[in-house]
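Colleague: Could you look at this predicted model? Sequence included:
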Amino acid sequence: MLDRSSTTGRSRIARALTAAGAVVTLAAAHLAAPAPASAAVSRAELALRWAPIHYQDVDATGSHALGGQADYIARVDFDGDLNGRNNWDRAGQAGTSLAAHAYYSVVETNTHWYITYLFFHPRDWTDHPFFETEHENDGEGVLFAIERDGSPYGVLRAAVTVAHSDFYSYTPSGSTWTSGRESVDGTLQFQTSPHDTFSHPVTAQEAQGHGLKAYPQYSINGDGLVYYPSTVAETPSNGNDRDVRYRLVDIFAADGLWAQRANATLFVSLGTFAGDTSGDCGSGTFGCSTNSANAPWGWDDGNDVPARGELASDPAELSVEYFTIPGGLTRTYTYNPYAGAAAALAEAARTAPPTVD
């Protein structure tokens, strides 16, 4: 699982032009670049093609901000180990790496691909003493539902994002999917990446608490980072770097997060990261909570029908609850490593206490 891949010293002459690139709303059916008819893309290629261009707001105020670095996305093992209980303390320390990474998982049916992306931060923090708590570790993300229409990468039909303990749903302009049990919360926009030939969906996270929505429902307010999907991982040059490439990490890799799900130093229970109150977490604020961040198989909107973790583990079920889908879709998976632990996931959903994110 450990990976020290990063790129440094890259010239950023074109950054101003990149930052000025317009975000445009496009029909998703027109997004896939042509490929040979015989080419079958891998899951890694599929995840890279649909990975979002990601806007991260940055706040540099307060001692817990680490000069803005507390808002950088990172690997879970950015500090060289898989101990979830020392991440708050080690964030920003010399010898640790804030090279940009994001995690993904792909599950499949005969009609759709479902790709979940996780953006991890070592801290969920605040700079004032009232109302909000802090906690060690922070994991929020997005699900993309992609129809297998015969083209190499399919057509992106809908997205559901995770902002703390709530889910928000979006559809691209021209999508055939409409509101279902849940109302669609907005239009998913797309932007062309300067690093490949594709237009990518655009997501954004707020500073401090890192709730994630479709851009521009969150955006950059002052300083901020723009992350672009890539095969390399860059460390931001500062808290206002508008061209940072991030590398994708497969959750289902042999030594990946899913393989570590029973690692008691990383997870306190199925889908919940271990986190304590060590260091200055909660100092000068309302408080510091423990074990309060979740991996995708622990994400839950308690007010909605889908069970805890189903955004990642049973996205077809979540899709039919959230959206009206012409012709429906199949619920039978042809590839879903999460399903091997379906009983454990269901039991965890019934017995796990609520977590705060």
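Modeller: It's in. In this text, all values refer to a predicted model and were calculated from it rather than measured experimentally.

Colleague: Please make it C-alpha for all contacts and neighbour counts, starting now.
Modeller: Noted.

Colleague: R247 and W299, how far apart?
Modeller: Taking CA to CA, to the nearest Å as the criterion, R247 is separated from W299 by 22 Å.

Colleague: Of those two, which one has the most company?
Modeller: More neighbours surround W299 than the other of R247 and W299, with 28 against 23 (other CA atoms under 10 Å).

Colleague: OK, contacts around the more buried one?
Modeller: V162, S165, G271, R308, G309, E310, L311 (CA atoms under 8 Å, 6 or more residues apart in numbering).

Colleague: just the strands in the stretch 251-357 of the chain please.
Modeller: Taking DSSP state E, counting those that start in this stretch as the criterion, the stretch 251-357 of the chain carries its strands at 267-269, 272-273, 288-289, 293-294, 323-324, 333-335.

Colleague: Neighbour-wise, which one of the contacts of W299 leads?
Modeller: Of all the contacts of W299, L311 has the most neighbours under the rule other CA under 10 Å, reaching 29 neighbours.

Colleague: what's the burial count for the residue nearest to it when sequence neighbours are not counted?
Modeller: Closest residue to L311 apart from its sequence neighbours, by CA to CA, 6 or more residues apart in numbering: L318 at 6.1 Å. Residues lying near L318 (other CA under 10 Å) number 18.

Colleague: Check F252 too.
Modeller: Around F252 there are 18 residues (other CA under 10 Å).

Colleague: Provide the backbone phi and psi angles at it.
Modeller: With angles defined as degrees, to the nearest 10, F252 sits at phi -90, psi 10.

Colleague: quick one on the thing from earlier: columns distance to D79 and mean neighbour count on top of the strands of the stretch 251-357 of the chain, output as TSV?
Modeller: Converted to TSV, the strands of the stretch 251-357 of the chain look like this (distance: least, CA to CA, whole Å; neighbours: other CA atoms under 10 Å):
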stretch	distance to D79	mean neighbour count
strand 267-269	16	20
strand 272-273	16	25
strand 288-289	21	20
strand 293-294	18	28
strand 323-324	40	20
strand 333-335	32	14
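
Colleague: Determine which of these approaches Q205 most closely.
Modeller: Proximity to Q205, assessed across the strands of the stretch 251-357 of the chain by CA to CA, is greatest for strand 293-294 (15.5 Å).
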